[in-house]
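# build me a model from this:
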Amino acid sequence: MAAPPLSHDSLPEFSETTAQPLRAAVQEVLSSPSFQRSPRLRQLLTYIADNTIKGDTESLKEPIIGQRVFSRPAHYSAAEDNIVRSNVRQLRAKLDEYYSGPAANAAFRLGIPKGSYTLALIAAQPAAPVPPSAARSFARPALLAAAFLLLLAGSFYFGRRTAPVLSAHTQPRCLLNLLDPSPGQRLLVVVPDADLQLYQNLSGHPVQLEDYINRQFLTPDGLRSIPPTIASDPDQFFGRELTQGFVLRLIPHFAQAVAPSELSVRHPRTLSIKDFERDNALLVSGPWGDPWVQLFDRTLNFQIVVDPVTHRAHFVNRRPRPGEQSEYNNFTDPSTKTDVCYARLAYLPGLSPGNRVLLAGGPHNASTQAASLFLTRSDSLDTILHLFHTGSPKSVPWFELLVEARAISDAPWTMRIAASRAIAAPTR
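Here you go, the predicted structure:
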């Protein structure tokens, strides 16, 4: 069977909200006396910062930088003229000098990762240690660390630790409680893989779950459509455990609904089938941001696809009911100047008897945020109980929802259920 078209959830977005910390750090550096005396490095840093925020990887290639920053002629040989590499090395050294001197106490520092011409913003202080009482011996557990990396799309770094314990509280009643772990279980929160999204963005090819598990997409054939400078060192670009920046803002919401000591925040690369056989899981992504979603969503009614003409991602309603649309596309409402976006929520059986899974994702950042935040709204569970005419969470059927959200700068602020289905246990 041919692979479904690549969803736009593989194209990370850099909103003004996530760009602001990077812009602020750049302005602080540019205004420092040492950089005031280095006009060429100021120009180079400004150019790299602007195009990192835009996510314009084409403009961050060495020959293009040479032409636009250093006035080299078109088609000049970057192999013979190393002006870009030389100045980037000087810029790295200048940044190190700045952060070891006048900005030694800065909370964040700028850097240019080796092997790339993108700009990163890294927190100066490491994450606080996890109390021993919170530790649990899962295979290769991962945590959203306090140090984050703004790289191409505001991705955040993952360390290999269990989730932190927050202050004790009473969990509110909400839809996420459908995944309350049984004794001996954890709730897996599986986040998007930003490196995989970068791969799909560069290659134009979706990655199937089977190829993701065995890393077949990083074979010579899989790397053939990747720019040679990146394909020559795939581990550096596609071997990290990064996720999209907005995920960091979602974790506290989940920790308010489920006891933090029962949460296990995981990157898709650290998982195996056995994790889903043991624990309940919340998958925060569409099927291409996290291929594990493909394990559960292939028979669902609401599917994320890309229009072959416009290349815009949208939802297809496979079997529309009266009053429903056959397709749901994001759009901007001119009367309110808000973006209207769509997301999918699906409550499904897990791989083992008694296990449960929630899928919360869409083709864009705002969509995925909306689906995830809907789970933790105080009225979300009562809304579902009313929708499916039941009085107990234990009798809620398996279901899928299409959620419509209004967003400003990728931040959803109103949500409603646009369509719903009660479904039989899906076949896989």
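
# please make it C-alpha for all contacts and neighbour counts, starting now.
Fine.

# low-confidence ranges in the stretch 251-400 of the chain?
Scanning the stretch 251-400 of the chain for pLDDT under 70 picks out the ranges 306-312.

# so where do the helices sit in it?
With DSSP state H, counting those that start in this stretch as the definition, the stretch 251-400 of the chain shows helices at residue ranges 273-278, 294-297, 365-376, 380-387.

# of these, which approaches residue 213 most closely?
helix 273-278 (9.7 Å; C-alpha to C-alpha).

# figure out which of the helices of the stretch 251-400 of the chain is closest to residue 99.
So among the helices of the stretch 251-400 of the chain, helix 365-376 is nearest, using C-alpha to C-alpha, at 32.4 Å.

# so what's the gap between the closest one and the chain middle?
Averaging C-alpha positions (C-alpha atoms, centre = their mean, to the nearest Å) puts helix 365-376 12 Å from its chain's average.

# got the helices of the stretch 251-400 of the chain as CSV, with distance to residue 54 and mean neighbour count columns?
Formatted as CSV, these follow (distance: least, C-alpha to C-alpha, whole Å; neighbours: other C-alpha atoms under 10 Å):
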stretch, distance to residue 54, mean neighbour count
helix 273-278, 36, 15
helix 294-297, 30, 18
helix 365-376, 15, 26
helix 380-387, 35, 17
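
# closest one to residue 333 among the ones you listed?
helix 365-376 (15.0 Å).

# how much space separates the closest residue to residue 191 other than its chain neighbours from residue 372?
Of all residues not flanking residue 191 in the chain, residue 284 sits nearest, at 5.2 Å (C-alpha to C-alpha, 6 or more residues apart in numbering). Going from residue 284 to residue 372 by C-alpha to C-alpha, to the nearest Å gives 7 Å.

# what's the answer for residue 404, then?
Going from residue 404 to residue 372 by C-alpha to C-alpha gives 13 Å.

# return the residues in contact with the closest residue to residue 379 other than its chain neighbours.
Spatial nearest neighbour of residue 379, excluding adjacent residues (C-alpha to C-alpha, 6+ apart): residue 174 at 6.5 Å. Residues near residue 174 by C-alpha atoms under 8 Å, 6 or more residues apart in numbering: 257, 375, 376, 377, 378, 379, 380, 381, 382.

# ok, residue 200 touching residue 212?
No - using C-alpha atoms under 8 Å, residue 200 makes no contact with residue 212, being 11.7 Å away.

# neighbour count winner among these two?
Neighbour totals were compared for residue 200 and residue 212, and residue 200 leads with 23 against 17 (other C-alpha atoms under 10 Å).

# residue 208 versus the more buried one, what's the distance?
In this view, residue 200 and residue 208 are 11 Å apart by C-alpha to C-alpha.

# can you check residue 383 too?
Residue 383 sits 34 Å away from residue 208, going by C-alpha to C-alpha.

# and if you look at residue 250?
Going from residue 250 to residue 208 by C-alpha to C-alpha gives 26 Å.

# which of those two has more neighbours?
Set side by side, residue 250 and residue 208 show more neighbours around residue 208, with 19 against 15, by other C-alpha under 10 Å.

# how about the more buried one, nearest residue that isn't a chain neighbour?
Residue 208 sits nearest to residue 291 (C-alpha to C-alpha, 6+ apart), 6.4 Å away.

# out of everything not next to it in sequence, what's closest to residue 36?
residue 30 (6.6 Å).

# so what's residue 340 up against?
Each residue near residue 340 by C-alpha under 8 Å, 6+ apart is listed here: 330, 331, 332, 333, 404, 405, 406, 407.

# what about the second one, how many residues nearby?
The one in question is residue 331. 12.

# who's in contact with it?
By C-alpha under 8 Å, 6+ apart, the contact set of residue 331 is 339, 340, 341.

# list the beta-bridge partners for it.
residue 340 (DSSP bridges).

# pLDDT value on residue 4, please?
pLDDT for residue 4: 36.

# can you pull out the strands in the stretch 151-300 of the chain?
Taking DSSP state E, counting those that start in this stretch as the test, the strands found in the stretch 151-300 of the chain are 155-159, 187-190, 242-244, 263-266, 280-284.

# check the gap between the spatially most central residue of the chain and residue 197 for me.
The centroid of the chain falls nearest to residue 244 when counting by C-alpha atoms, centre = their mean (2.9 Å). For residue 244, the distance to residue 197 (C-alpha to C-alpha) stands at 10 Å.

# same deal with residue 295?
Taken as C-alpha to C-alpha, the span from residue 295 to residue 197 is 18 Å.

# ok so, going back, closest to residue 59 out of the contacts of residue 331?
Minimum distance to residue 59 across the contacts of residue 331 is 27.8 Å, recorded for residue 339 (C-alpha to C-alpha).

# so what's that closest one up against?
Applying C-alpha under 8 Å, 6+ apart to residue 339 gives the contacts 330, 331, 332, 333, 406, 407, 408.

# got it, and residue 67?
Taking C-alpha under 8 Å, 6+ apart as the criterion, residue 67 is in contact with 73, 74.

# helix/strand/coil for it?
helix (DSSP: H, G, I helix; E, B strand; the rest coil).

# surely residue 398 and residue 388 touch.
No - contact criterion C-alpha under 8 Å: residue 398 and residue 388 do not qualify, at 10.1 Å.

# can you map out the helices along the stretch 51-200 of the chain?
62-70, 83-100, 194-203.

# elements contacting the last one?
Read that as helix 194-203. Judged by 3 or more C-alpha pairs under 8 Å, 6 or more residues apart in numbering; DSSP states H and E, helix 194-203 is in contact with helix 234-238, strand 242-244.

# done for today, thanks.
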